[in-house]
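Undergrad: this one's structure only:
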């Protein structure tokens, strides 16, 4: 039976949660979209968008835009928002469905109606790769479903995954911008990828692709992913020229993991904490990142014990870790990070941690992430849980759920990826 989470509510957890909330607030589209909007065009304005933050970005545009407006954005099921002039479609993520494919086709058709006096405002955020999956000629949606699942289970970093997706798509890799012809295209990006390359976020529907089909084939070989012969043939076609785009093109990154980390660091400093900010670009296997940060947390703990002043130290990091799935359990990369961190810390005193996905969904579960504390392993033993066996089975969800330590936010309608905070008192 799960522990009563209320009995384990502490000042440390309240502090960690407040820092997560500060990070979410900094990346809220209602805060960061309006200042980045372009001037009103002579002609029409069409909004097209995809991603977990797309609906809230559209709502922000509607609130700030002075003039006629129409459009279509696609977001994940349950991540919609209330819009009056921009249509919001909900589709499947991370495995694409027919709804997203149909919406992608409609986007291309709408884009082709725009002229030289018109503006296409593209709203792009993480998750868009799955949400507007429109297969390239010779490839089926079912092919892409199987490929998505194989990529997700392989532990491939997002840059590798989206490179393959771009070369098997009829809308990604700049193809949506190409369909806009002579119309101006102004793209606003909420980045969920380390490095904040707009060509990687949602596979860059309005950004020209510098990679080649040969690069995509190399990714499949690297991660030992087998695909049918007709998919290989699609990847062996000559690369299309998309660098020559007729109309004006501008891309603005309006929210990133680093921005969220900075907001959390400022909030922590205001609480008297000394902050070690590793930045928003951390990649690698979740359990490997946990191991490295456990070592650093121990070092900071020793240093903290020699200090007479201050409220403690905080180790912050963001980015996108990965999980190579070998077991049959449940969980996402943040949950796996916490389980591995707890094992590596071995109940080290005065270390508390939070790890969560800023979109509110860790993997495909109902939680954003969770907490651990110095007593997590002893509480797990009392509950009959074997942490190492759960880690071996990729079953971090069962660990956190069994302790009552999940964080459930629901959809946040933003997405700047992982948020990790380790507090050393």
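TA: Received it, and whenever you're ready, just let me know what you need. Being a predicted model, the structure only gives us computed values, none of them experimental. Numbering: from 1, shown residues only.
Undergrad: going forward, measure contacts and count neighbours with C-alpha atoms only.
TA: Fine.
Undergrad: From the contact counts, what lies against the longest strand anywhere in the chain?
TA: When the chain is parsed with DSSP state E, its longest strand is strand 313-322. If contacts are counted by 3 or more C-alpha pairs under 8 Å, 6 or more residues apart in numbering; DSSP states H and E, strand 313-322 sits against helix 257-270, strand 274-277, strand 282-285, helix 286-305, strand 418-424.
Undergrad: rank the ones you listed by pLDDT, which is bottom?
TA: Set side by side, the helices and strands packed on strand 313-322 give their lowest mean pLDDT on helix 286-305, at a mean of 90.
Undergrad: before we move on, back to that, among the helices and strands packed on strand 313-322, single out whichever gets nearest to residue 124.
TA: Across these, residue 124 has its closest neighbour in helix 257-270 (15.1 Å, C-alpha to C-alpha).
Undergrad: And that closest one, what's buried?
TA: Neighbour-count burial for helix 257-270, counted by 16 or more other C-alpha atoms under 10 Å, picks out 257-265, 267-268.
Undergrad: Let me have those in CSV, adding distance to residue 117 as columns.
TA: Output for the buried residues of helix 257-270, formatted as CSV (distance: C-alpha to C-alpha, whole Å):
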residue, distance to residue 117
257, 35
258, 36
259, 34
260, 36
261, 39
262, 39
263, 39
264, 42
265, 44
267, 44
268, 47
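Undergrad: which of these sit farthest apart?
TA: 257 and 268 (16.3 Å).
Undergrad: what distance separates the host helix or strand of residue 109 from the middle of the whole chain?
TA: Element membership for residue 109, per DSSP states H and E: helix 98-111. What separates the centre of helix 98-111 from the centre of its chain is 22 Å, taken as C-alpha atoms, centre = their mean, to the nearest Å.
Undergrad: The chain should start at 29 in everything you say after this.
TA: Sure, I'll start numbering at 29, so the last one becomes helix 126-139.
Undergrad: can you pull the buried residues of it?
TA: In helix 126-139, counting by 16+ other C-alpha under 10 Å, buried: 126-129, 131-133, 135-136, 138-139.
Undergrad: Which of those residues sits closest to residue 340?
TA: Closest to residue 340, out of all of those and judged by C-alpha to C-alpha, is residue 128, at 46.8 Å.
Undergrad: For the closest one, give its distance to residue 348.
TA: Residue 128 is 24 Å from residue 348, where distance means C-alpha to C-alpha, to the nearest Å.
Undergrad: Check residue 149 too.
TA: Separation of residue 149 from residue 348 (C-alpha to C-alpha): 27 Å.
Undergrad: Compare neighbour counts for these two and give me the winner.
TA: More crowded of residue 149 and residue 348, by other C-alpha atoms under 10 Å: residue 348, with 25 against 22.
Undergrad: And for the nearest residue to that one once chain neighbours are set aside, the neighbour number?
TA: Spatially, and ignoring its direct neighbours in sequence, residue 348 is nearest to residue 311 (5.3 Å; C-alpha to C-alpha, 6 or more residues apart in numbering). For residue 311, the neighbour count with other C-alpha under 10 Å is 17.
Undergrad: try residue 413
TA: Residue 413 has 17 neighbours, counted by other C-alpha under 10 Å.
Undergrad: show me what contacts it?
TA: 427, 430 (C-alpha atoms under 8 Å, 6 or more residues apart in numbering).
Undergrad: Just the element for it, please.
TA: Secondary structure assignment for residue 413, by DSSP H and E: no helix or strand.
Undergrad: cool, the one 5 residues further on as well?
TA: Assigned by DSSP H and E, residue 418 belongs to helix 415-420.
Undergrad: for residue 76, same thing?
TA: According to DSSP H and E, residue 76 maps onto strand 73-78.
Undergrad: who touches that strand?
TA: Contacts for strand 73-78 (C-alpha under 8 Å, 6+ apart): 86, 96-103, 114, 135, 146-153, 155-156, 159-160, 230.
Undergrad: now these: which count as buried?
TA: Among the contacts of strand 73-78, those scoring as buried are 86, 99-103, 114, 135, 146-153, 155-156, 159-160, 230 (criterion: 16+ other C-alpha under 10 Å).
Undergrad: so of the residues you listed, which ones are in strands?
TA: Counted as lying in strands by DSSP E, out of those, are 99-103, 114, 147-153.
Undergrad: out of those residues, what pair is the most spread apart?
TA: Farthest apart among those - using C-alpha to C-alpha - are 103 and 147, which lie 21.7 Å from each other.
Undergrad: Now for the residue lying closest to residue 295 once chain neighbours are set aside, how many residues are close by?
TA: Counting by C-alpha to C-alpha, 6+ apart, residue 47 is the residue found nearest to residue 295 once chain neighbours are left out, at 6.4 Å. Neighbours of residue 47 under the rule other C-alpha under 10 Å: 25.
Undergrad: Relative to residue 383, how far out is residue 47?
TA: Counting by C-alpha to C-alpha - residue 47 and residue 383 are separated by 11 Å.
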